[in-house]
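Engineer: coords please:
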Amino acid sequence: MNHLELIRKVEWKDLRNLSVKEMLIENNISLPWFFISMVLAYHGYYWLALPFSGFYFLTALRQVHNGFHNALGTGKSLTWLSLYLNSILMMTSIHAVKFNHIRHHKFCLSEEDYEGKSASMKWYEAILYGPKHMFLIHWITFKKANKQYKRNMMIELISIAAFMFTVFYFQIHFLMYHMFIMLFGEFLMAFFAVWTVHHDTHENPSIARTQRGSWKNKITFSMFYHMEHHLFPAVPTIKLPELAERIDKALPDLEKKETF
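Structural biologist: Model prediction:
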């Protein structure tokens, strides 16, 4: 059964719609984790802040990922603002990540899929590849993107540089901590966001890995419903558990590889 045949068997279009509550959740899900981590870091409790920083990174990734696919329930201006602000806080150009992610969906695991390069590596190779992955994401945007993507990337990179200069010039230690943790998270993206969900799926790239089990999906904020996302990228993350149930019901014999 090919990609289009799979899509035809599942009702999904109604899941694109968000209620006001769901829209507020998707647009603000990262904020509690960010503020808790900053308060703890400000008072010098860096080890206590660390898990909250990790959850901020994960939920901010969920937020911008929905933004890539216009699935935040907001207009273009607010979606752009979300990507821009998270660029500064996550220490990378999110519009550069968006450009490569959209290509990832179009050219999934092919030579033109620069985001997906680490999927064919060993797990430890994907971790070591992380810094190169982040450089490549920006370089490919510079080489292949249109003027609007390039302009957005430059605005974000200049803003990040200004943020870094301010933090180090005024020796704001809790923000230094935040920046280093975010950079560490970015260097793990080739492993965390690509390898974990795509390794050993080259024979059918559209059927990415997925995750079942409520506690696993709760602690990962539903970010590992990746097969569901690749089949129906317009569905917001908050609706992926329901989408997974529909897929399991409509396609009970579909072979699924779990993320962990």
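
Engineer: Show me the shaky parts of the protein.
Structural biologist: Across the chain, the ranges flagged by pLDDT under 70 are 1-2.

Engineer: Go ahead and flag the most central residue of it.
Structural biologist: Nearest to the mean C-alpha position of the chain, counting by Cα atoms, centre = their mean, stands Leu61 at 3.8 Å.

Engineer: Give the other helices and strands that the helix or strand hosting it contacts.
Structural biologist: Assigned by DSSP states H and E, Leu61 falls within helix 46-68. Judged by 3 or more Cβ pairs under 8 Å, 6 or more residues apart in numbering; DSSP states H and E, the packing partners of helix 46-68 are helix 20-28, helix 31-42, helix 76-90, helix 94-106, helix 173-187. Backbone N, C-alpha and C define where each C-beta goes, glycine included.

Engineer: The second one: how far from the chain's middle?
Structural biologist: In terms of Cα atoms, centre = their mean, to the nearest Å, the gap separating the centre of helix 31-42 from the centre of its chain is 20 Å.

Engineer: Just the residues contacting stretch 193-209, thanks.
Structural biologist: 3, 6, 61, 108-110, 115-121, 123, 126, 133, 224, 226-227, 229-231, 254-260 (Cβ atoms under 8 Å, 6 or more residues apart in numbering).

Engineer: In ChimeraX, how would I select the buried members of those residues?
Structural biologist: Applying 16 or more other Cβ atoms under 10 Å to the contacts of stretch 193-209, the buried members can be selected in ChimeraX as follows:
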select :6,61,108,109,115,116,117,118,119,121,126,133,224,226,227,229,230,231,256,257,259
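
Engineer: what about stretch 80-94, distance to the chain center?
Structural biologist: 12 Å.

Engineer: ok, now stretch 148-167?
Structural biologist: With Cα atoms, centre = their mean as the basis, the mean position of stretch 148-167 lies at 19 Å from the chain mean.

Engineer: Also stretch 32-47?
Structural biologist: Taking mean C-alpha positions (Cα atoms, centre = their mean), stretch 32-47 and its chain are 22 Å apart.

Engineer: Contacts made by it with the rest, please.
Structural biologist: 48-50, 52-53, 55-56, 59-60, 89, 174, 177-178.

Engineer: Now render those as CSV, adding neighbour count and distance to Val197.
Structural biologist: Shown next, in CSV, are the contacts of stretch 32-47 (neighbours: other Cβ atoms under 10 Å; distance: Cβ to Cβ, whole Å):
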residue, neighbour count, distance to Val197
Leu48, 14, 30
Ala49, 23, 27
Leu50, 15, 24
Phe52, 19, 24
Ser53, 24, 22
Phe55, 20, 19
Tyr56, 28, 21
Thr59, 21, 17
Ala60, 23, 18
Leu89, 18, 24
Phe174, 18, 32
Tyr177, 21, 29
His178, 22, 26
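
Engineer: okay, these in CSV with distance to Gly185 next?
Structural biologist: Shown next, in CSV, are the contacts of stretch 32-47 (distance: Cβ to Cβ, whole Å):
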residue, distance to Gly185
Leu48, 18
Ala49, 14
Leu50, 11
Phe52, 13
Ser53, 8
Phe55, 11
Tyr56, 9
Thr59, 12
Ala60, 9
Leu89, 11
Phe174, 17
Tyr177, 13
His178, 11
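
Engineer: and of the residues you listed, the nearest to Val10?
Structural biologist: For those, the closest approach to Val10 (Cβ to Cβ) belongs to Thr59, at 26.7 Å.

Engineer: So the closest one is in contact with Ile219, correct?
Structural biologist: No. Contact between Thr59 and Ile219 fails when scored by Cβ atoms under 8 Å: they sit 11.6 Å apart.

Engineer: Any buried residues in stretch 149-165, and which?
Structural biologist: 149-150, 152-153, 156-157, 160, 163.

Engineer: Mind checking which of those are in helices?
Structural biologist: 149-150, 152-153, 156-157, 160, 163 (DSSP state H).
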